[in-house]
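K.L.:
Okay, here's the prediction I keep looking at, along with the sequence it came from:
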Amino acid sequence: MPELPEVEVLRRTIESSVVGDGIESIEVRERRLREPIDTRTLRRLLAGRRVIGVGRRAKYLLVHVERGSTLVVHLGMSGRLTVAAGDAAREPHEHVVLRLASGRKLRFRDPRRFGAMFALPTAAIDGDRHFARLGIEPLGVGFSGATLAAAAARRNASVKGLLMDAAVVVGVGNIYASEALHRAGIHPRRSVARISSERWERLAAAVRSVLSDAVAQGGTTLNDFADALGESGYFQVLLEVYDRAGLQCRRCGGTIRRLRQLGRSTYYCPRCQN
DNA sequence: CGGGCGGCCTGGAGGC
DNA sequence: TGCCTCCAGGCCGCCC
């Protein structure tokens, strides 16, 4: 589902459309998400307050409201958070509706219910169990090949496993891990113990470039990603390996292969990745 | 402690 | 057409 670029695109569209608007009321129709929704806390911390900013940490969207509270939204695999007219017809799996002072509604849909929605004091975010163990932001300052090399010390995992470990670097899921490794020319199964510092730098740069290119394209829409206004992304047409098994590598002409790794599909080009 | 795997859910695609 | 199986972008907790 949504990885860092999709959540960042959502952040920007939510920010431009709801900052300044007020949350009038909160209706929870289905509380059984990955974590059950605590409706009373949502109402206590959010109702009657205006949205003052929208942030993101890893794949979590942070909707900051007046008087020091934050609504946290995680899209899981199939979640969508969209702004709609107040009288818009209810959509399937619309679990939470926030009525806004402008008359519109912010609605959360999630067919698979792998998502999460909760509220907490803004000052408590860093210490909260969802955030306390998260690693570095790949598009922020300080992320480099040295970050990855340091995390690789005393480990023996595959490089793809390291990239997808949120305690090391956040926001990189199954699609962008495959894409970044392809850009860097590194085989996804390569042990982290056998990667030179030059390759770590190349990989960190590839992670950064693939994520920022995806943000610029509005994210990747394979099935259900859409931003706050319901717009799809376009990065899927620029994917070099993901979901392209059997097709030609656009860089070297080799044939893209799929393998099973950590229970997930990994895509790579055996000719230009080693 | 690191790392691998199953489980949580529903829907869509593809095979028979 | 219908039924079955597999698969999906995340994350947590359990096990070794």
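P.N.:
On my side now, so go ahead. Numbers count the residues shown, from 1 in each chain, chains lettered A, B, ... in the order given.

K.L.:
Check whether residue A:242 sits in a helix, strand or coil.
P.N.:
Following DSSP: H, G, I helix; E, B strand; the rest coil, the label given to residue A:242 is coil.

K.L.:
how about the residues of chain A near DNA strand C?
P.N.:
Taking Cβ under 7 Å from any atom of the strand as the contact definition, chain A meets DNA strand C at A:1-3, A:6, A:34, A:58-60, A:74, A:76-77, A:112, A:114, A:130, A:164, A:166, A:173-175, A:219-225, A:263-265. Heads up, the C-betas are built off the backbone N, CA and C, glycines and all.

K.L.:
filter the residues you listed down to the ones close to DNA strand B.
P.N.:
Among these, DNA strand B is touched by A:34, A:77, A:112, A:114, A:223, A:263 when using Cβ under 7 Å from any atom of the strand.

K.L.:
Excluding chain neighbours, what is closest to the third one?
P.N.:
Which is residue A:112. Spatially, and ignoring its direct neighbours in sequence, residue A:112 is nearest to residue A:78 (4.3 Å; Cβ to Cβ, 6 or more residues apart in numbering).

K.L.:
quick one, what contacts that neighbour?
P.N.:
A:1, A:110-112, A:114-115, A:223-224 (Cβ atoms under 8 Å, 6 or more residues apart in numbering).

K.L.:
how about a cut-off of 10 Å?
P.N.:
Taking Cβ atoms under 10 Å, 6 or more residues apart in numbering, we find residue A:78 in contact with A:1-2, A:93, A:109-115, A:223-225.

K.L.:
cool, residue A:231 as well?
P.N.:
A:9, A:13, A:82, A:218-219, A:221, A:225.

K.L.:
Over to residue A:29?
P.N.:
Residue A:29 makes contacts with A:37, A:90, A:93-97, A:108, as judged by Cβ under 10 Å, 6+ apart.

K.L.:
farthest-separated two in those?
P.N.:
A:37 and A:90 (17.2 Å; Cβ to Cβ).

K.L.:
Which one's more surrounded, these two?
P.N.:
A side-by-side neighbour count of residue A:37 and residue A:90, using other Cβ atoms under 10 Å, places residue A:37 first with 22 against 12.
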